[in-house]
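S.K.: Need a 3D model of the following:
(chains A, B and C)
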Amino acid sequence: MTGYLAKRFLQAIPILLGASTIIFFLMHAAPGDPTSIYLANPNIDPAVVEQMRRNLGLDQPVHVQYVKWLGSFLTGDFGYSFSQHRPISDILKDAIPNTLLLSAVALTLIFLIGVVVGTVQAVRQYSWMDNIATVASFFFYSMPSFWFGLMLILLFSYKMQLLPASQMTSVDYEFLTVPNQWIDRLKHLLLPSLALGVGGAAAVARYMRSGMLEQIRQDYVRTARAKGLSERKVIFKHAMRNALIPVVTLLGLFFPFLMSGTVLIETIFAWPGMGRTIVNAIFMRDYPVVLASAFVIAVMVIVGNLIADVLYSVIDPRVTVEEEAG
Amino acid sequence: MRRKESDMRRTARIATLGALALALACGGAGEEPGERPEAEAAPADGGMLVTAIGADPDVLFPPTSTSAQSSDIYDQIFWYLMRSDPDLVHHQPGLADSFRFSEDSLAIDFFINPGVTWHDGHPFTAEDVVFSHDVCTAPEINFSAVSWLQHITEVEAVDSLTVRFHYDRKYMPEYMVTDANVCYPIPEHILGEMSYEEMKNSDYTRRPVGTGPFRFVSWEPGQRVVIEAYPDFFKDRAHLNRVTYRVIPEPTTIVTEVMNGNVDLWPRFQSSFYPELTESPGIEVLSEPGRSYTYITYNTEDPIFSDVRVRKALTYGLDRQQIVDALLYGQAKIATQPIISIIWAHDPEIEPYPYDPERARQLLEEAGWTDADGDGIREKDGRDLRFELKTNSENQLRKDVVQIAQQQWKEIGARATPNTAEANTFFEDLMAQEYQAAVAGWVVGIKPDLEPTFKTGELFNFPAAKNARLDSIMAEAVLEADMEEATELWSQAQRIVVDEAYYTFLFEQNDLHAIHERFRGVDMTPYGWGHYLEEWYVPEGRQRYDVPVGASPFAEEGEDVAAEAGGVSGTTAGATTDR
Amino acid sequence: MAPHGESGGVETAALVVGETAPRGGFVPSEGEEAQPRKPWAVALNAIVPGLGSLALGRRIAGAWLLGGWLLSIATLATSREEISRTLADGGVGDWVALVTLAVTLVGVWGAAVWDAAVAATRPPKRTGVSQWRLAARRFRKDRLAMAGLAIMVLLYWITLLAPYIAPFDPNFQGDIVLNRYLGPSLEHPMGTDKFGRDVFSRVLYGARISLTIGFLAVAISITLGSLFGALAGYFRGWVDTAIARGIDMLLSIPRLILLLVIIAVFSPSIWLIIAALGLTGWYGSARIVRGQFLQLREQEFVHASRALGYSDWRIIARHILPNTLAPIIVIATLNIGNTILLEAGLSFLGLGVQPPTASWGSMVNDGRDAMITAWWISTFPGLAIVLTVVSFNLLGDGLRDALDPRMRSG
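M.R.: Alright, predicted model coming up:
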């Protein structure tokens, strides 16, 4: 297992390098640079801006900048943010946990809702519940997540005034008692994670339904039934376990999907995570932050895939990681 | 300007301003007097104001900060020696109680109030002011308003509470004082040992120690910045215990939070939210004359727009009142000239071009643009009257203006093709005259100055104006020390700009602020909504949050706190492109 | 999604229903009787297309014909003004609409007559049918997929006919202050926006932009995907490795983020958006095509072609690629929906199509600032997006089930 993990990590290195190189050259193809913002200010002497460009190394040819960037990057120095005036490692330190929290909760919701709905659908195939869930899952799967997020805000925050519409905690969070702080955090998590996860939940429900239907038709389920096991036991202990296997492989696929989602959802719900960091940095032309964030997100995606592979091998005894690794 | 200014301030202004004050009063879009009974309650300490900002501040270090969100916050943490009067010309006591010009008028002494302390308890001295001036003028810092300091030759500490500014020439005395108050005093005892590079990147830039009525508490990036009343402020302490700035990028989310009561103040909100916020119970909408105007600029180097008749025709052909009514709900006035109405040099006698499509058509005919083939588009020498109307994609209001202009110009036989670009690209195109017509805006400085935007060869001379007479009048006006003479000169310059129709002046937009009605003492000025934040209060019993003022966060670590530097002090800086 | 009612397994009566034009060599099996032609049905179909087919029990064909005919007639009846305008001095859009309408009418009538006169007389077939025909049969029984197809056809039809169907010029403003923010009414079925423009008309025109973006972007990505997939699968070795690693790199950057970088870096124009969506959407199809190639290149007909000395390119393009068409069609259909969603997301961040061009995504975005007071402005385009994407997903799922039962998603 360790050998396999080491191998996977080694494979990840060129991928990460390539991905950040792609972003690097894309960003540098842009007209304008971080200092154009100052150029548009009549109070700033263009000579001052020129000096800034020199300070930032922006006057050098792209390939020189690239080599420099790569060098410091490899030594673990992410550099300094033009727009936030602080080390990028600090920015990442603030944003990564928030995004991980949001994604983890969303992922939990995706699997919880998806597996429950899909199982119910399969068990009650062609019932009205199944039909409604089928239509609903198509509907949610096809909905723009930002639109759904806005609708959630309108409904639960604006109309019903039940849940907060933004950020991770209330303004008086530090003055709340500890249990209330937990409740406060949960309340703030609910809407964004729902908005982020609903499309994925719909997809999981669809996979789960078909997986369960397939399993229910299998011989071993018939055998189990014939042995006189209760229907509940047959469904939950035997069929469901096997149906879950393909669903778990989806876990890895959901990571890039969730990361894309955070870009929109974090903006709507004012969630201070990676998605918003990268969007702001793109608009501010803060190359180093874009690069570092893209790198971190790529790492998350790759690690997500790895976790999914490992989980897959844990759940399904027929698969061993070594044979997958080739 | 609203009515709740203290009497002292009002008297001072009326005494010194005369006719100007009248102009100001007219500019103010008003609220009914007596809407809030003054007698309701005496100012009470306590409570919290929660306000929304659209983006994280960059740094809270005035010399290097360039963002408007930052200045909203550090304007409370730092104070100037003399504070700007809402008329944007005169001054009120700040950290200094008074000032005195030297005999030759080439130096000013400021007399610092002996009670002023930094938030970590250190006394504030004249040496700090000298230090701050050195920081602001250091090239490494790139202080964006550094040009305002060009006539100050030296700053000297006469004694610990008297600081003297030396000038290389005389100009308008009010502006000599203004220029001495462009650079916020920063603490030498914290930053003095650092190199400028260290200062720019130091922890201090995100944890400032100032002298203002509020002190810094915390900053969770992307979430909120918290400041609280400084209990040992040398004047009356701020009434509010706390002010929390919540970072919420999405306007729909902000409006929901405002209506939910999770945000008390939404400053400078987009006018499209005006109807729903004015109709919301418990929320008051304040409409204050702002510091910006929006215009359409024409590239005079373009074959179509080199003819002044075409530029005028497009101005006549645009119903600016409809734009104001439709997009701004009347919360703006039609702009007539580059110096906006809250600046003293504004010439109220310049009338806007009327909306007159007939006259527009006539002018186009005269200029040789006729619709011979009857397709609804005029042409001349085989070329259609078609042009690109650019704007920047981030600004919804401007994109809306473009759409209205496009429709209205159809009526006079001109076809504008909208084209939006991202802000950086957009401004680069304007500066390089790589455009035909564009909708843009200026946030104007507190001093009248047209040279950067209309002088031959200037970078921001978007229309590529080349008018020798205009150039010489402007050069004279900038240096004129006498206000009346200067007013006359600026008026002449502006009439040229208006006659040449380099711009179609669209509107001066009011700043719109939505605030929960429990707040009292709210007095917003064109200088910034929080200019008198220390006087805001919530009557006892109506305070929503029970937040105490904590122990000083700087008591122990004061020595460790470090600093950074370079930027636009958002409140005083001159014209910035409004995005 | 499972084609409903398929569990039965016996395919008899259903086979007769609604046969479309046969392609390729169909040889009637022995022992099957041709149905006699029913002149009354032909006549009925000639008067009201579809009625005759319905009377013959050809429900699906009948419904399509009748629906198409009713829509065309209704459009024709309400477009007298527009037609005379087109004939006087119409733009390209007007003429396209007129031609579309004419073609639809003629086509519906022709197809109706053909259906009653020829198709209905064909004997039922049980054997000797091609893989495509089998798929078509399976597909026709999938009600959800058929609904998806119907919506999709309708949508594309609307995009062509927008100038005739839309009650107003989508950019007409009039007196803004009087006409703006009107709620849904008979005159404005979806209300008006902040400029007093008719939201219904704008949604109709917006379909053009959104569907064009979806269609063109997917065309690009499918082309690229097939190309790279074919190269990787056919040549294997280092080509395969290089392409696979490239895909891994690109896949590790979430697509929306890559799109944001591309579009923010250059100014957002509709062509850039299409190109960017196309350039970032090909990895999935490349992988599938590669898989197919890996299988097919070992098949005998490929060996035979090689033995005949055909060039690699010819073998790829003429022999293998056509056999991978089924999965390509499926993934293309599913991708169109996804692309429309992405474009909407870009619009939300202000990087979508710029005014005055309006896609559904940018319309949702424009309506955002009035979401509370005038919900209709962003709700209707939002629903249009959902409806369209649902229909593409239904269609894609149906096609997958029909074309390749092994890929069934249930």
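S.K.: make it CA atoms for all contacts and neighbour counts henceforth
M.R.: Noted.
S.K.: What parts of the stretch 351-500 of chain B come near chain C?
M.R.: For the stretch 351-500 of chain B, the residues in contact with chain C (C-alpha under 8 Å from any C-alpha of the partner chain) are B:393, B:394, B:399, B:403, B:404, B:407, B:418, B:419, B:420, B:421, B:422, B:425.
S.K.: lowest average confidence, helix or strand, in chain A?
M.R.: Using mean pLDDT, DSSP states H and E, the weakest-scoring helix or strand in chain A turns out to be helix A:321-325, at a mean of 42.
S.K.: what's the burial count for residue B:276?
M.R.: 15 (other C-alpha atoms under 10 Å in any protein chain shown).
S.K.: Please identify the helix or strand for it.
M.R.: helix B:274-278 (DSSP states H and E).
S.K.: Next secondary structure after that helix?
M.R.: Taking DSSP H and E, what comes next after helix B:274-278 is strand B:283-298.
S.K.: Now do the buried residues in stretch A:304-314.
M.R.: Judged by neighbour count using 16 or more other C-alpha atoms under 10 Å in any protein chain shown, the buried positions of stretch A:304-314 are A:304, A:305, A:306, A:307, A:308, A:309, A:310, A:311, A:312, A:313.
S.K.: Just the CA atoms of it, as PDB, please.
M.R.: Extracted in PDB, the C-alpha atoms of stretch A:304-314 (Å, rounded to 0.1, in the frame of the first residue of the first chain):
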ATOM      1  CA  GLY A 304      -9.400  13.300  -3.900                       C
ATOM      2  CA  ASN A 305      -8.900  10.900  -6.700                       C
ATOM      3  CA  LEU A 306      -6.300   9.000  -4.700                       C
ATOM      4  CA  ILE A 307      -8.600   8.700  -1.700                       C
ATOM      5  CA  ALA A 308     -11.400   7.400  -3.900                       C
ATOM      6  CA  ASP A 309      -9.100   4.800  -5.300                       C
ATOM      7  CA  VAL A 310      -8.000   3.700  -1.900                       C
ATOM      8  CA  LEU A 311     -11.500   3.600  -0.600                       C
ATOM      9  CA  TYR A 312     -12.600   1.600  -3.600                       C
ATOM     10  CA  SER A 313     -10.000  -1.000  -2.800                       C
ATOM     11  CA  VAL A 314     -11.100  -1.100   0.800                       C
END
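S.K.: my guess is residue B:276 contacts residue C:373, does it?
M.R.: Yes. Assessed by C-alpha atoms under 8 Å, residue B:276 is found in contact with residue C:373 at 6.4 Å.
S.K.: ok, now how distant is residue B:398 from chain C?
M.R.: Here residue B:398 is placed at a distance of 11 Å from chain C (C-alpha to the nearest C-alpha, to the nearest Å).
S.K.: how about that residue, what does it touch?
M.R.: B:391, B:392, B:439, B:440 (C-alpha atoms under 8 Å, 6 or more residues apart in numbering or on different chains).
S.K.: Among those residues, which one has the most neighbours?
M.R.: Counting neighbours by other C-alpha under 10 Å, residue B:391 leads the contacts of residue B:398 with 27 neighbours.
S.K.: Tell me the bridge partners for that one.
M.R.: residue B:420 (DSSP bridges).
S.K.: Now intersect the buried residues of stretch A:304-314 with the strands, please.
M.R.: Among these, no member falls in strands (DSSP state E).
S.K.: which SSE is residue A:294 in?
M.R.: Using DSSP H and E, residue A:294 falls in helix A:287-315.
S.K.: and that helix, what other elements does it pack with?
M.R.: Judged by 3 or more C-alpha pairs under 8 Å, 6 or more residues apart in numbering or on different chains; DSSP states H and E, helix A:287-315 is in contact with helix A:2-28, helix A:88-123, helix A:240-268, helix A:274-284, helix A:321-325, helix C:237-252.
S.K.: average pLDDT for the last one?
M.R.: Averaging pLDDT along helix C:237-252 yields 88.
S.K.: What are the buried residues along that helix?
M.R.: Quick answer for helix C:237-252 (16+ other C-alpha under 10 Å): C:240, C:243, C:244, C:245, C:247, C:248, C:249, C:250, C:251, C:252.
S.K.: tell me the angle of that helix relative to helix A:287-315?
M.R.: 110 degrees (axes from the mean of the first three to the mean of the last three C-alpha atoms, to 10 degrees).
S.K.: rewinding a little: and the helices and strands packed on helix A:287-315, which one is worst for confidence?
M.R.: helix A:321-325 (a mean of 42).
S.K.: Show me which residues of the stretch 301-410 of chain C sit near chain A.
M.R.: Close to chain A, as judged by C-alpha under 8 Å from any C-alpha, the stretch 301-410 of chain C has residues C:337-338, C:341-342, C:344-345, C:348-349, C:372, C:382, C:385-387, C:389-390, C:393-394, C:409-410.
S.K.: Could you report the neighbour count for the closest residue to residue A:141 other than its chain neighbours?
M.R.: Nearest non-adjacent residue to residue A:141, counting by C-alpha to C-alpha, 6 or more residues apart in numbering or on different chains: residue A:199, 4.4 Å away. Residues lying near residue A:199 (other C-alpha under 10 Å) number 26.
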